[in-house]
Structures are given as structure tokens and as C-alpha cells.
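*Asks:* Starting from these lines, generate the structure:
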Amino acid sequence: MSLRVLSLAVIVGLLLTVGAQAEELNPVVGKAGDFVLREADIDRFIVNQPSEVQKSLREDPPQRINLVRQILLTEAVAAKARSEGFDRKPEVREQVSYLIDQYLAQEYIGKVVAADVAVPEQELKKYYQDHEKDFLLPGSVKARHIFIDAPKDAAPEVKIKARAKAEEVLTRLTKGEDFSKLAKEFSLDTETSANGGELGWISPGKTNSEEFEKALFALKAGETGDIVETPFGFHIIRVDERREKRTATFEETREYILNRLKGELAQKRTQEFLDKLSKETGLLVIGEKKGDK
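*Replies:* Numbering: from 1, shown residues only. This next block holds a predicted model:
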């Protein structure tokens, strides 16, 4: 083999290797006809979504797959429309032009007019001091329960039997048996029984039973209450931990305050820009009365 042929073979090999690496770095995630969608395309789309949507799409694979399918179907339909000349219809071209302008204006405002909004630290602290009462955290308890089903419209004998079962469980608890173990064995709340009756953290007003809530917040941390009857049946409640009512600290609220003030500042800056632009362009709406906008 000549040096020339060897060099050509090496070059081809290198090109194939680079192509394979590029494919690996930016893999294809879907195809529809001639349209090919790659990982980088999806990432660019996600970056332009609101932060909560970005988080959901990145952490939930089924949602991401659904997004890929939606994009591919949109491209397939659009390609079909173009093949039939639908995109050349005057009314369609007009609407597409408006949508492009709308998107362009939106992006310009977000990435130029209202970009890089900064709020001084002292303003964040001042807002916290002025609105400290708004950051009051209600007391809450971390609880668990054992539930014996007996609806309010149940027959008397059903209720008697259910209460007897609840009393049997309570007796075993008073003798020192494990609450979590008994919840798994006896509780008819299928959503919590497998986890030992855990209800998580509960704040006032977050349950659908006044009787349950009254008994719940009367208990101290580590305390198990008596049998509580609600319209749903009988409950034995245990409180594992308590958080007393308090005011959230500045550090806990800083991110919320920052986002709020940045939003207000961005809105103000945008309105000032629009007002100025309206004057510069002589914007006029026929028939508009003062105060209508």
C-alpha cells in the first residue's frame, strides 16, 4: 500500500471516528420523514421554557419523550402542509408573520429590555422588614394514624364493631406495642398504612375533619391520643414531632423576595420602554379612549 493510499485511509478513519463521536455527543432522539431531532435541539427548546417546566422536563423522562413526540408530529404536519402549498395561502402567511413578530417582540422584551434586572441586597432586607408579618409560618405537626373504617351512615352494629377494633388496637398501644407495626396490620387507610400510618407534616386547616384536627393539635410530640370519631370512622393519632408557629428568617425568604422584586422591576422597566416606544412611533389606536389601555 502506498503512502498516499495509507494517508487517505487514515483520514477517512479519523473522519468516521469524529462523526461517531459527534453522534454520541448529540444523539438522534427522533425522526419524522426527512426531519431529524437531536438531543441538542430538545435542550435548546427546554432552556426557553419557564423554570418549573424546565425542571419537570429534565426530571420526568416520560414528559420529555412526550415532548419529542409532539415536536415530531408538529414537524410532520407542517411538512405535509408545505407539500400541499398551504403555507403559501395569503391568510396563512399573514398569520405566520404576526406570530413571528409576536415571538420576536416577546423575546426582545425578555432578553433585552428586562434582562439583567438586579436588586440591591439592602432592598431585599428592607422588603423583609416591611413585610415580616407576611412570613409567619403556622405551627405544624408530623403525625401518623391508625384508621378503622365506619362511615357516618353505617349501620349501628358496624360502628360498634369498628370501635371495638379501635379499642383493641389502643389497648395494645398502651401496653407498649409499636405504632407503626400496628398501623400496617390494622389501619384501613391504604395510602398510609404501608408506611406505618405516616401522614407527614400537617398545618391547621389542612385536614377535612374538625374533630381530627382538634385532637391532632392537642397532642405533644411523642404522644398518642385517645380514639377520635370522625364522619369517616375511628382514628388513633400519634404526633412524632411539632413545629411551633414562627416567622421565617430572611435567609429562608430571600429567594422569594428576590424573585418578586426582580419581577416587579422587570415589569416596570418593560412598561417604561413601551410608553417611550409608543411616543417615538406615534402609536395611535383609533377609537381608544383615555384610560382604556
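*Asks:* Now the residue nearest the centre of the chain: which helix or strand?
*Replies:* With distances taken as C-alpha atoms, centre = their mean, E52 lies nearest the centre of the chain, 5.3 Å away. Applying DSSP states H and E as the criterion places E52 in helix 51-59.
*Asks:* Could you do R269 as well?
*Replies:* Assigned by DSSP H and E, R269 belongs to helix 250-281.
*Asks:* just the angle between that helix and helix 51-59, please?
*Replies:* 120 degrees (axes from the mean of the first three to the mean of the last three C-alpha atoms, to 10 degrees).
*Asks:* And helix 250-281, what's buried?
*Replies:* Burial within helix 250-281, assessed by neighbour count using 16 or more other C-beta atoms under 10 Å, is assigned to 253-254, 257-258, 261, 266. Using the backbone N, CA and C atoms, a C-beta is placed for each residue, glycine as well.
*Asks:* which of those residues sit farthest apart?
*Replies:* Greatest spacing in the buried residues of helix 250-281, by C-beta to C-beta: T253 and A266 (19.7 Å).
*Asks:* just the helices in the stretch 101-250 of the chain please.
*Replies:* For the stretch 101-250 of the chain, the helices defined by DSSP state H, counting those that start in this stretch occupy 121-130, 156-174, 179-186, 210-217, 250-281.
*Asks:* Name the residues that touch the second one?
*Replies:* Going back to what we said before, that points to helix 156-174. Helix 156-174 has contacts (C-beta atoms under 8 Å, 6 or more residues apart in numbering) with 146, 148-150, 154, 179, 182, 186, 224, 226-227, 229, 233-236.
*Asks:* Show me which of those are buried.
*Replies:* Burial by neighbour count, 16+ other C-beta under 10 Å: within the contacts of helix 156-174 this picks out 146, 148, 150, 179, 182, 186, 224, 227, 229, 233-236.
*Asks:* Next step: these restricted to strands.
*Replies:* 146, 148, 224, 227, 229, 233-236 (DSSP state E).
*Asks:* Pick out the most distant pair among the residues you listed.
*Replies:* T224 and G233 (17.5 Å).
*Asks:* From the buried residues of helix 250-281, pick the one nearest A32.
*Replies:* Among these, and counting by C-beta to C-beta, the member closest to A32 is A266, at 37.4 Å.
*Asks:* which ones are touching the closest residue to the closest one other than its chain neighbours?
*Replies:* Nearest residue to A266 in three dimensions, chain neighbours excluded: A114, at 3.8 Å (C-beta to C-beta, 6 or more residues apart in numbering). A114 is in contact with 266-267, 269-270, counting by C-beta under 8 Å, 6+ apart.
*Asks:* Quick check: phi and psi on A114?
*Replies:* Phi and psi for A114, reported as degrees, to the nearest 10, are phi -110, psi 20.
*Asks:* Quick check: buried residues in stretch 151-166?
*Replies:* Neighbour-count burial for stretch 151-166 [16+ other C-beta under 10 Å]: 159, 162-163, 165-166.
*Asks:* check contacts around I148.
*Replies:* I148 touches 162-163, 165-166, 169, 186-188, 233-235, counting by C-beta under 8 Å, 6+ apart.
*Asks:* If we use 10 Å, what do you get?
*Replies:* 159, 161-169, 186-189, 227, 229, 232-236 (C-beta atoms under 10 Å, 6 or more residues apart in numbering).
*Asks:* and if you look at S203?
*Replies:* Applying C-beta under 10 Å, 6+ apart, the residues contacting S203 are 137-141, 213, 217, 243, 245.
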